[in-house]
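> model this:
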Amino acid sequence: MEQNVIRQLASPAGRMVNADEPMIPLPNVGEGGPVYPGNMDTGVTDPGQVPVIPLPNPGEGGPVYPGGTDGGAVVEPVIPLPNPGEGGPVYPGNTVGGGNQVWTCPGGSCGGIIVLPGVVGGVWPGAAKVRFLNAGYGYPAFRIFIGSRRFVNLLNYASATTYGRVSGGYQTVTVTGTDGYVYIQKTMPFQSNGITTIAIINTAGGLDLMQITDSCCPPTNGYSSFRIGNLAYNSGPLDVIMSDGRVVWSDLRFKEVPAFKRIMPGTYQFFYADTNQQAMPANLDIETLDSAWLGVYPPHETFGSLYLDVTSNAIYSVYLLQSGSNRNNIQNLILMDR
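Now for the predicted structure:
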């Protein structure tokens with residue numbers, strides 16, 4: 001005779017269960033996790049008996065949010081600082097006066113490319129300033145394009161444009177005639193925040209583009225900045241001399257543009273000649289010429305001269321250009337910038 005067997009088993013609720021009712025077996029000793037013990041004798045759940053996730057072993061886990069402080073203020077977790085030598089530059093925030101601090105290049109100048117610590121390569125945040133000069137003797141007027149943009153509509157010989165702005169980086173410069181004939185096309189670098197003159201010059205095979213930096217120290221103490229460059233294809237090496245015997249530059253060859261010199265305000269007369277004299281030291285300023293020397297020619301064969309009234313706080317770039325087909329037929333193109 002089939003007989004139902006009833007067994008009384010201990011259960012959390014102390015209830016009676018049927019022997020045929022399936023049950024989840026208890027884990028072996030050492031297995032499983034914390035077990036919720038139920039209510040205390042008082043019938044109130046003890047918060048201390050609520051099961052929690054066990055803390056990690058020493059060395060495991062990350063920073064733990066500590067909760068509120070005794071004063072009630074919330075202490076927010078923070079990202080730990082890197083070890084010495086790790087990480088990159090940190091923005092210092094505002095100054096005491098409230099103004100933002102500016103990250104400056106160490107030493108005040110980095111040659112135009114500011115390389116931040118930890119950053120590979122240069123930063124080119126701005127544009128370049130450029131002007132064009134036509135030193136291409138024997139050609140009609142030019143049109144000039146930078147990329148697909150017409151930058152100069154008409155540029156006659158022995159003239160120059162004002163400065164315009166160009167995006168920093170490599171750009172393609174195209175020089176054409178008014179009829180669209182392409183004389184030269186060249187890819188050239190434009191340094192962000194740099195300032196240059198691009199001269200169209202003669203070569204044995206036609207034309208070329210020559211990039212000249214116009215950066216110089218700003219004139220101070222009433223002085224001006226002054227230089228003479230040789231863009232005359234038909235000229236030999238020339239000395240720039242003064243009638244009182246001073247040689248400012250010697251053996252100035254075609255395509256040579258020297259560094260600026262400081263010059264005092266006043267009236268000057270310079271001559272272009274072929275001599276064997278040595279030039280003055282490169283770091284020596286050009287002092288005022290005594291008026292008694294004006295109009296006095298030096299004891300050398302000269303190929304041209306420059307009469308110049310120099311004002312203070314100006315930048316003078318004088319370029320020698322070809323004026324004829326014979327050797328050393330030259331003329332002046334004077335550019336003054338403030």
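> contacting residues for Trp293?
242-244, 269 (C-beta atoms under 8 Å, 6 or more residues apart in numbering). C-beta coordinates here come from the backbone N, C-alpha and C atoms, glycine included.
> should've said Asn234
With C-beta under 8 Å, 6+ apart, Asn234 has these contacts: 137, 322, 324-330.
> Please indicate which of those residues are buried?
137, 322, 328-330 (16 or more other C-beta atoms under 10 Å).
> which pair in these spans the largest distance?
Spatial extent of the buried ones among the contacts of Asn234 (C-beta to C-beta) is set by the pair Tyr137 and Asn328 at 13.2 Å.
> Does the helix or strand harbouring Phe271 pack against any helices or strands, and if so which?
Element membership for Phe271, per DSSP states H and E: strand 266-273. Using 3 or more C-beta pairs under 8 Å, 6 or more residues apart in numbering; DSSP states H and E, the elements in contact with strand 266-273 are strand 238-242, strand 302-310.
> Please render those as a markdown table that adds mean pLDDT and distance to Ile184 to the earlier fields.
As requested, these are exported to a markdown table (pLDDT from 0 to 100; distance: least, C-beta to C-beta, whole Å):
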| stretch | mean pLDDT | distance to Ile184 |
| --- | --- | --- |
| strand 238-242 | 93 | 26 |
| strand 302-310 | 91 | 28 |
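> Skip the chain neighbours and tell me the closest residue to Val318.
In space, and not counting its chain neighbours, Val318 is closest to Ile228: 4.6 Å by C-beta to C-beta, 6 or more residues apart in numbering.
> who touches the one you found in this structure?
Contact analysis of Ile228 by C-beta under 8 Å, 6+ apart lists 240, 248-249, 252, 258, 270, 306, 318-320.
> Export the one helix or strand Val175 maps to to PDB, keeping only CA atoms.
Val175 belongs to strand 169-177 when elements are defined using DSSP H and E. Taking C-alpha atoms only, strand 169-177 is exported to PDB below (Å, rounded to 0.1, in the frame of the first residue of the first chain):
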ATOM      1  CA  GLY A 169      51.400  75.900 -43.600                       C
ATOM      2  CA  TYR A 170      52.400  74.900 -47.100                       C
ATOM      3  CA  GLN A 171      50.600  76.800 -49.900                       C
ATOM      4  CA  THR A 172      50.900  76.700 -53.700                       C
ATOM      5  CA  VAL A 173      51.800  80.000 -55.200                       C
ATOM      6  CA  THR A 174      51.100  80.500 -58.900                       C
ATOM      7  CA  VAL A 175      52.400  83.400 -61.000                       C
ATOM      8  CA  THR A 176      50.600  84.100 -64.300                       C
ATOM      9  CA  GLY A 177      50.300  86.800 -66.900                       C
END
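> can you pull the buried residues of that strand?
Using 16+ other C-beta under 10 Å as the test for burial, strand 169-177 gives 171, 173-176.
> quick one on the thing from earlier: show the buried residues in the contacts of Trp293.
242-243, 269.
> got any ranges where this structure has weak pLDDT?
For the chain, the stretches with pLDDT under 70 are 1-27, 29-125, 299.
> re the thing from before, now, among the contacts of Asn234, which is nearest to Pro281?
Out of these, the member with the shortest distance to Pro281 (by C-beta to C-beta) is Ile330, at 25.9 Å.
> which residues does that closest one contact?
Applying C-beta under 8 Å, 6+ apart, the residues near Ile330 are 232, 234-235, 238, 272, 303-304, 320-323.
> Also Arg338?
Per C-beta under 8 Å, 6+ apart, neighbours of Arg338: 313-315.
> Can I get the buried ones among the contacts of Trp293 in TSV including distance to Pro218?
As requested, the buried ones among the contacts of Trp293 are exported to TSV (distance: C-beta to C-beta, whole Å):
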residue	distance to Pro218
Met242	25
Ser243	30
Gln269	26
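> which residue sits closest to Val296 in space, ignoring its chain neighbours?
Ser243 (4.3 Å).
> Quick one: end-to-end length of stretch 208-218, please.
End-to-end distance for stretch 208-218, by C-alpha to C-alpha, to the nearest Å: 30 Å.
> actually stretch 272-286, not the one I typed
This stretch, stretch 272-286, spans 16 Å end to end (C-alpha to C-alpha).
> Next: stretch 210-228.
Stretch 210-228 has its terminal residues 15 Å apart, counting by C-alpha to C-alpha.
> Repeat that for stretch 198-208.
Terminal-residue distance, stretch 198-208 (C-alpha to C-alpha): 10 Å.
> what do you get for stretch 283-303?
This stretch, stretch 283-303, spans 26 Å end to end (C-alpha to C-alpha).
> which parts of that stretch are buried?
Neighbour-count burial for stretch 283-303, with 16+ other C-beta under 10 Å as criterion, is recorded at 286, 289, 298, 302-303.
> Turn these into JSON lines, including distance to Gly164.
Below are those laid out as JSON lines (distance: C-beta to C-beta, whole Å):
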{"residue": "Ile286", "distance to Gly164": "31"}
{"residue": "Leu289", "distance to Gly164": "36"}
{"residue": "Pro298", "distance to Gly164": "40"}
{"residue": "Thr302", "distance to Gly164": "37"}
{"residue": "Phe303", "distance to Gly164": "34"}
